[in-house]
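Colleague: fold the following.
(3 chains)
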Amino acid sequence: MLFPELEIVEIAPGAVLLRGAAETVAEELLSQIQSVINASPLRTVMTPMGKPMSVQMTNCGAVGWVSDRTGYKYEQIDPLTNVRWPKIPAVFQTFATAVAARAGFEDFAPDACLINRYAAGSKMGLHQDRDEQDFMQPIVSVSLGLPILFNFGGVQRSDKTIKVELQHGDVVVFGGVSRLCFHGVGTLRRGEHPLTGGYRFNLTFRRAC
DNA sequence: GAGTCTCG
DNA sequence: CACG
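Modeller: Model prediction:
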(Lines give C-alpha, C1' and ligand atoms only; values in the text may rest on other atoms or scores of the structure.)
Protein backbone atom coordinates (compact mmCIF):
# COMPACT_ATOMS: atom_id res chain seq x y z
CA MET A 1 0.00 0.00 0.00
CA LEU A 2 1.58 3.29 -1.13
CA PHE A 3 0.86 6.83 -0.06
CA PRO A 4 2.16 9.19 -2.72
CA GLU A 5 2.00 12.93 -2.11
CA LEU A 6 0.93 12.32 1.46
CA GLU A 7 0.99 15.34 3.72
CA ILE A 8 2.79 14.45 6.95
CA VAL A 9 2.44 16.70 9.99
CA GLU A 10 4.86 16.11 12.85
CA ILE A 11 2.83 16.59 16.03
CA ALA A 12 5.65 15.65 18.41
CA PRO A 13 8.81 13.53 18.18
CA GLY A 14 7.52 10.06 17.26
CA ALA A 15 3.98 11.28 16.59
CA VAL A 16 2.80 12.04 13.08
CA LEU A 17 -0.44 12.91 11.37
CA LEU A 18 -0.79 11.34 7.92
CA ARG A 19 -3.36 13.64 6.46
CA GLY A 20 -6.09 11.85 4.51
CA ALA A 21 -4.15 8.57 4.39
CA ALA A 22 -7.37 6.56 4.86
CA GLU A 23 -9.48 8.49 2.37
CA THR A 24 -9.26 5.96 -0.45
CA VAL A 25 -10.05 2.99 1.81
CA ALA A 26 -12.62 4.77 3.98
CA GLU A 27 -15.70 3.13 2.48
CA GLU A 28 -14.13 -0.31 2.80
CA LEU A 29 -13.16 0.39 6.41
CA LEU A 30 -16.68 1.61 7.22
CA SER A 31 -18.25 -1.44 5.63
CA GLN A 32 -16.04 -3.71 7.74
CA ILE A 33 -16.80 -1.64 10.84
CA GLN A 34 -20.47 -2.44 10.24
CA SER A 35 -19.67 -6.15 9.99
CA VAL A 36 -17.82 -6.05 13.29
CA ILE A 37 -20.71 -4.19 14.93
CA ASN A 38 -23.14 -6.80 13.63
CA ALA A 39 -21.20 -9.49 15.48
CA SER A 40 -20.10 -7.52 18.56
CA PRO A 41 -22.47 -4.58 18.98
CA LEU A 42 -21.48 -1.10 20.08
CA ARG A 43 -22.05 -0.60 23.77
CA THR A 44 -21.64 2.02 26.47
CA VAL A 45 -19.01 1.05 29.00
CA MET A 46 -18.52 2.21 32.56
CA THR A 47 -15.30 3.73 33.79
CA PRO A 48 -13.86 2.23 36.99
CA MET A 49 -15.14 5.31 38.82
CA GLY A 50 -18.68 4.38 37.87
CA LYS A 51 -19.41 6.91 35.12
CA PRO A 52 -20.43 5.89 31.61
CA MET A 53 -18.13 6.85 28.76
CA SER A 54 -19.73 9.12 26.18
CA VAL A 55 -18.50 7.13 23.19
CA GLN A 56 -19.89 3.76 22.23
CA MET A 57 -17.36 1.06 21.60
CA THR A 58 -16.65 -2.42 20.38
CA ASN A 59 -13.52 -4.31 19.31
CA CYS A 60 -12.13 -6.76 16.87
CA GLY A 61 -8.99 -8.82 17.26
CA ALA A 62 -7.56 -11.53 19.50
CA VAL A 63 -8.26 -9.27 22.46
CA GLY A 64 -10.49 -6.24 23.00
CA TRP A 65 -10.11 -3.27 25.31
CA VAL A 66 -12.84 -3.11 27.93
CA SER A 67 -13.58 -0.99 30.96
CA ASP A 68 -15.78 -1.84 33.88
CA ARG A 69 -15.97 -1.20 37.62
CA THR A 70 -12.86 -3.38 38.10
CA GLY A 71 -10.62 -1.43 35.75
CA TYR A 72 -9.29 -1.27 32.22
CA LYS A 73 -8.11 -4.45 30.56
CA TYR A 74 -7.89 -6.49 27.42
CA GLU A 75 -10.26 -9.46 27.21
CA GLN A 76 -10.32 -12.39 24.77
CA ILE A 77 -14.08 -12.76 25.18
CA ASP A 78 -16.60 -10.01 24.48
CA PRO A 79 -18.47 -9.63 27.78
CA LEU A 80 -21.63 -8.67 25.87
CA THR A 81 -21.82 -11.70 23.56
CA ASN A 82 -19.71 -14.07 25.68
CA VAL A 83 -17.84 -15.21 22.57
CA ARG A 84 -14.59 -14.06 20.97
CA TRP A 85 -14.39 -10.67 19.36
CA PRO A 86 -14.61 -10.73 15.54
CA LYS A 87 -11.31 -11.12 13.71
CA ILE A 88 -9.56 -7.99 12.51
CA PRO A 89 -10.70 -7.61 8.87
CA ALA A 90 -7.88 -8.09 6.36
CA VAL A 91 -8.20 -4.53 5.05
CA PHE A 92 -7.77 -3.19 8.62
CA GLN A 93 -4.64 -5.25 9.16
CA THR A 94 -3.07 -4.34 5.82
CA PHE A 95 -3.87 -0.68 6.22
CA ALA A 96 -2.62 -0.39 9.81
CA THR A 97 0.67 -2.08 8.97
CA ALA A 98 1.13 0.14 5.91
CA VAL A 99 0.50 3.45 7.66
CA ALA A 100 2.69 2.44 10.59
CA ALA A 101 5.52 1.67 8.16
CA ARG A 102 4.95 5.00 6.44
CA ALA A 103 5.40 6.65 9.84
CA GLY A 104 8.64 4.75 10.45
CA PHE A 105 7.37 1.76 12.46
CA GLU A 106 8.14 -1.37 10.43
CA ASP A 107 6.36 -4.69 10.95
CA PHE A 108 3.54 -3.36 13.11
CA ALA A 109 1.17 -6.30 13.59
CA PRO A 110 -1.81 -5.21 15.69
CA ASP A 111 -3.72 -7.85 17.66
CA ALA A 112 -6.40 -5.44 18.91
CA CYS A 113 -8.56 -2.84 17.23
CA LEU A 114 -10.81 -0.67 19.36
CA ILE A 115 -13.72 0.89 17.49
CA ASN A 116 -15.15 4.04 19.07
CA ARG A 117 -18.24 5.76 17.74
CA TYR A 118 -18.70 9.41 18.64
CA ALA A 119 -22.12 11.10 18.45
CA ALA A 120 -22.68 14.84 19.01
CA GLY A 121 -21.50 15.59 22.55
CA SER A 122 -19.15 12.60 22.79
CA LYS A 123 -15.61 13.34 23.96
CA MET A 124 -12.54 11.60 25.28
CA GLY A 125 -10.54 13.09 28.10
CA LEU A 126 -6.76 13.11 28.26
CA HIS A 127 -5.42 9.62 28.88
CA GLN A 128 -2.50 7.31 28.21
CA ASP A 129 -2.69 4.00 26.34
CA ARG A 130 -0.83 1.90 28.85
CA ASP A 131 -2.72 -1.36 29.14
CA GLU A 132 -0.55 -2.99 26.46
CA GLN A 133 2.42 -5.34 26.98
CA ASP A 134 4.98 -3.81 24.63
CA PHE A 135 5.42 -0.05 24.57
CA MET A 136 7.90 -0.38 21.70
CA GLN A 137 4.89 -0.96 19.42
CA PRO A 138 3.14 2.20 18.20
CA ILE A 139 -0.50 3.22 18.32
CA VAL A 140 -2.32 3.76 15.02
CA SER A 141 -5.48 5.87 15.13
CA VAL A 142 -7.78 6.30 12.12
CA SER A 143 -10.46 9.02 11.93
CA LEU A 144 -13.59 8.53 9.83
CA GLY A 145 -16.57 10.84 9.43
CA LEU A 146 -17.11 14.07 11.33
CA PRO A 147 -14.04 16.13 12.37
CA ILE A 148 -12.91 16.56 15.96
CA LEU A 149 -10.18 18.42 17.85
CA PHE A 150 -7.28 16.16 18.88
CA ASN A 151 -5.22 17.07 21.94
CA PHE A 152 -1.73 15.62 22.16
CA GLY A 153 0.36 16.25 25.26
CA GLY A 154 3.39 14.82 27.00
CA VAL A 155 4.11 11.98 29.41
CA GLN A 156 2.81 14.00 32.36
CA ARG A 157 -0.88 14.80 32.47
CA SER A 158 0.01 18.41 33.26
CA ASP A 159 2.17 18.81 30.14
CA LYS A 160 0.71 21.29 27.71
CA THR A 161 -1.11 19.87 24.70
CA ILE A 162 -0.88 20.54 21.00
CA LYS A 163 -4.22 20.74 19.21
CA VAL A 164 -4.94 19.55 15.70
CA GLU A 165 -8.25 19.04 13.92
CA LEU A 166 -8.65 15.45 12.76
CA GLN A 167 -10.62 15.14 9.54
CA HIS A 168 -12.16 12.19 7.73
CA GLY A 169 -9.36 9.90 6.53
CA ASP A 170 -6.68 11.28 8.82
CA VAL A 171 -4.35 8.83 10.54
CA VAL A 172 -2.24 9.50 13.62
CA VAL A 173 0.66 7.19 14.44
CA PHE A 174 2.53 7.63 17.69
CA GLY A 175 5.25 5.56 19.27
CA GLY A 176 8.82 5.70 20.47
CA VAL A 177 9.28 8.60 22.88
CA SER A 178 5.64 9.60 22.29
CA ARG A 179 4.15 6.18 23.01
CA LEU A 180 2.97 7.06 26.52
CA CYS A 181 1.94 10.63 25.80
CA PHE A 182 -1.41 11.78 27.12
CA HIS A 183 -3.95 12.42 24.40
CA GLY A 184 -7.66 12.87 23.92
CA VAL A 185 -10.26 14.63 21.83
CA GLY A 186 -12.66 17.50 22.38
CA THR A 187 -16.43 17.33 22.19
CA LEU A 188 -17.88 16.21 18.85
CA ARG A 189 -19.99 18.95 17.34
CA ARG A 190 -23.16 18.00 15.58
CA GLY A 191 -22.83 17.68 11.83
CA GLU A 192 -23.50 15.57 8.82
CA HIS A 193 -20.94 13.51 6.93
CA PRO A 194 -21.80 11.85 3.60
CA LEU A 195 -20.37 8.49 4.72
CA THR A 196 -21.11 8.41 8.46
CA GLY A 197 -24.07 10.74 9.01
CA GLY A 198 -23.94 12.35 12.45
CA TYR A 199 -21.07 10.23 13.70
CA ARG A 200 -17.30 10.01 13.91
CA PHE A 201 -15.66 6.60 14.04
CA ASN A 202 -12.20 6.06 15.41
CA LEU A 203 -10.18 2.90 14.91
CA THR A 204 -7.32 2.42 17.37
CA PHE A 205 -4.89 -0.33 16.44
CA ARG A 206 -2.66 -1.72 19.13
CA ARG A 207 -0.29 -4.55 19.85
CA ALA A 208 -1.80 -5.48 23.19
CA CYS A 209 -0.25 -8.91 23.89
C1' DG B 1 -3.14 2.39 42.63
C1' DA B 2 -4.89 5.24 39.21
C1' DG B 3 -8.30 5.84 36.40
C1' DT B 4 -10.65 7.37 28.58
C1' DC B 5 -14.45 10.25 34.60
C1' DT B 6 -16.70 14.70 36.72
C1' DC B 7 -16.39 18.90 39.04
C1' DG B 8 -14.91 23.85 40.76
C1' DC C 1 -11.73 26.44 27.77
C1' DA C 2 -7.55 25.24 30.98
C1' DC C 3 -6.15 23.56 35.09
C1' DG C 4 -5.95 20.47 38.95
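Colleague: chain A: strands as residue ranges?
Modeller: Here chain A has its strands, by DSSP state E, at A:7-12, A:15-19, A:56-61, A:64-68, A:71-75, A:112-118, A:124-127, A:139-145, A:148-152, A:162-166, A:171-174, A:183-185, A:200-206.
Colleague: I'd like those strands written out as CSV, with mean neighbour count, mean pLDDT and distance to residue A:34 added.
Modeller: Heads up, the C-betas are built off the backbone N, CA and C, glycines and all. Output for these, formatted as CSV (neighbours: other CB atoms under 10 Å; pLDDT from 0 to 100; distance: least, CB to CB, whole Å):
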stretch, mean neighbour count, mean pLDDT, distance to residue A:34
strand A:7-12, 14, 96, 29
strand A:15-19, 22, 97, 24
strand A:56-61, 24, 97, 11
strand A:64-68, 20, 95, 17
strand A:71-75, 14, 94, 22
strand A:112-118, 23, 97, 10
strand A:124-127, 15, 95, 22
strand A:139-145, 26, 98, 12
strand A:148-152, 20, 97, 21
strand A:162-166, 15, 96, 21
strand A:171-174, 27, 98, 20
strand A:183-185, 22, 97, 22
strand A:200-206, 24, 98, 10
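Colleague: dump the residue contacts of residue A:186.
Modeller: Residues counted as contacts of residue A:186 (CB atoms under 8 Å, 6 or more residues apart in numbering) are A:123, A:148, A:149, A:151.
Colleague: still on that earlier bit, can you redo the strands of chain A as TSV with distance to DNA strand B?
Modeller: Shown next, in TSV, are the strands of chain A (distance: least, CB to the nearest atom of the strand, whole Å):
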stretch	distance to DNA strand B
strand A:7-12	18
strand A:15-19	17
strand A:56-61	8
strand A:64-68	6
strand A:71-75	3
strand A:112-118	7
strand A:124-127	2
strand A:139-145	10
strand A:148-152	11
strand A:162-166	15
strand A:171-174	13
strand A:183-185	6
strand A:200-206	8
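Colleague: save those strands as JSON lines, and put in distance to residue A:82 too.
Modeller: As requested, those are arranged in JSON lines below (distance: least, CB to CB, whole Å):
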{"stretch": "strand A:7-12", "distance to residue A:82": "39"}
{"stretch": "strand A:15-19", "distance to residue A:82": "37"}
{"stretch": "strand A:56-61", "distance to residue A:82": "14"}
{"stretch": "strand A:64-68", "distance to residue A:82": "13"}
{"stretch": "strand A:71-75", "distance to residue A:82": "11"}
{"stretch": "strand A:112-118", "distance to residue A:82": "19"}
{"stretch": "strand A:124-127", "distance to residue A:82": "27"}
{"stretch": "strand A:139-145", "distance to residue A:82": "28"}
{"stretch": "strand A:148-152", "distance to residue A:82": "32"}
{"stretch": "strand A:162-166", "distance to residue A:82": "34"}
{"stretch": "strand A:171-174", "distance to residue A:82": "33"}
{"stretch": "strand A:183-185", "distance to residue A:82": "31"}
{"stretch": "strand A:200-206", "distance to residue A:82": "23"}
